[in-house]
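Colleague: Give me a 3D structure for the following:
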Amino acid sequence: MVCYWTLEINKIIIMKYWKQGFYDEPQEGSIEITEGYYQKLLAGQSAGLEILESKKGYPILVEPQYSLEDVIKNKVSEIQVFDKSECVNSFELSGRSMWLDKSTRVGLFNSISIEKQIGKSDTVLWYDAIKVYHSHSRCFSNVKCFRAICIKLLQCDTITHRSSQVVTDY
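Modeller: Residues are numbered from 1 along each chain as shown. A predicted model of the protein is given here:
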């Protein structure tokens, strides 16, 4: 590492070196940069920018360039991640906000339906190891309530697929 003492600001300036990558020691043909500029480049890279070389060989930050296929793939991925978030497929039951993925919803709906068919008159629903719902003689209303929730969440799922299709068809 190369250090300089400057009287103007009374501190040591640590230098870094760039030659298609960062170095602590000078390399043949490398460009000298300050520690501050080095940190600025790293912060920009962390924020999604790319570190490239200018025509003169200096490291600079630039917006990444994506192909249309990459943009479509990234947008569809964002839509799918959002669809799996609590922002979309959540509902409130017994005063508690809940999120269930599709396979859990289907399994729970089937379990409640089976309990109803065998004449069971009470149902206990658990979420995150907490009992959120216990019903005596209201098993049928559980099925109706849960069916309404499933239909609403299915509508959300349909919107997600439509949105993904619109992006893909672009």
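
Colleague: How much space separates L42 from I14?
Modeller: 14 Å (Cβ to Cβ, to the nearest Å). The C-beta positions use only the backbone N, C-alpha and C, and glycine is treated the same way.

Colleague: repeat for S163
Modeller: Using Cβ to Cβ, which is the criterion applied here, S163 is 49 Å from I14.

Colleague: In the strand or helix carrying V124, which residues are buried?
Modeller: Element membership for V124 (DSSP states H and E) is strand 122-127. Residues of strand 122-127 classed as buried: 123, 125, 127 (neighbour count, 16 or more other Cβ atoms under 10 Å).

Colleague: same thing with stretch 63-78?
Modeller: Buried residues in stretch 63-78 (16+ other Cβ under 10 Å): 72, 75-76.

Colleague: can you check stretch 156-170 too?
Modeller: In terms of neighbour count (16+ other Cβ under 10 Å), stretch 156-170 has its buried residues at 160, 163-164, 167.

Colleague: What mean pLDDT does the strand holding V124 get?
Modeller: In this model, strand 122-127 has a mean pLDDT of 74.

Colleague: tell me what that strand is packed against?
Modeller: Counting contacts by 3 or more Cβ pairs under 8 Å, 6 or more residues apart in numbering; DSSP states H and E, strand 122-127 packs against helix 102-117, strand 130-136, helix 139-169.

Colleague: hmm, 6 Å instead?
Modeller: Counting contacts by 3 or more Cβ pairs under 6 Å, 6 or more residues apart in numbering; DSSP states H and E, strand 122-127 packs against strand 130-136.

Colleague: And the average pLDDT for the strand it packs on is what?
Modeller: With pLDDT averaged residue by residue, strand 130-136 scores 64.

Colleague: Next: stretch 32-51.
Modeller: 90.

Colleague: now it, how far from the centre of its chain.
Modeller: Centre-to-centre, stretch 32-51 and its host chain are 24 Å apart (Cα atoms, centre = their mean, to the nearest Å).

Colleague: Quick check: end-to-end length of it?
Modeller: 15 Å (Cα to Cα, to the nearest Å).

Colleague: How about stretch 117-130?
Modeller: End-to-end span of stretch 117-130 (Cα to Cα): 26 Å.

Colleague: For E78, list the residues it contacts.
Modeller: Contacts for E78 were tallied using Cβ atoms under 6 Å, 6 or more residues apart in numbering; there are none.

Colleague: Phi, psi for it please.
Modeller: The phi and psi values for E78, taken as degrees, to the nearest 10, are phi -60, psi -40.

Colleague: From P26, how far out is it?
Modeller: 43 Å.

Colleague: got any ranges where this protein has weak pLDDT?
Modeller: By pLDDT under 70, the weakly predicted segments of the chain are 1-13, 89, 94, 132-143.
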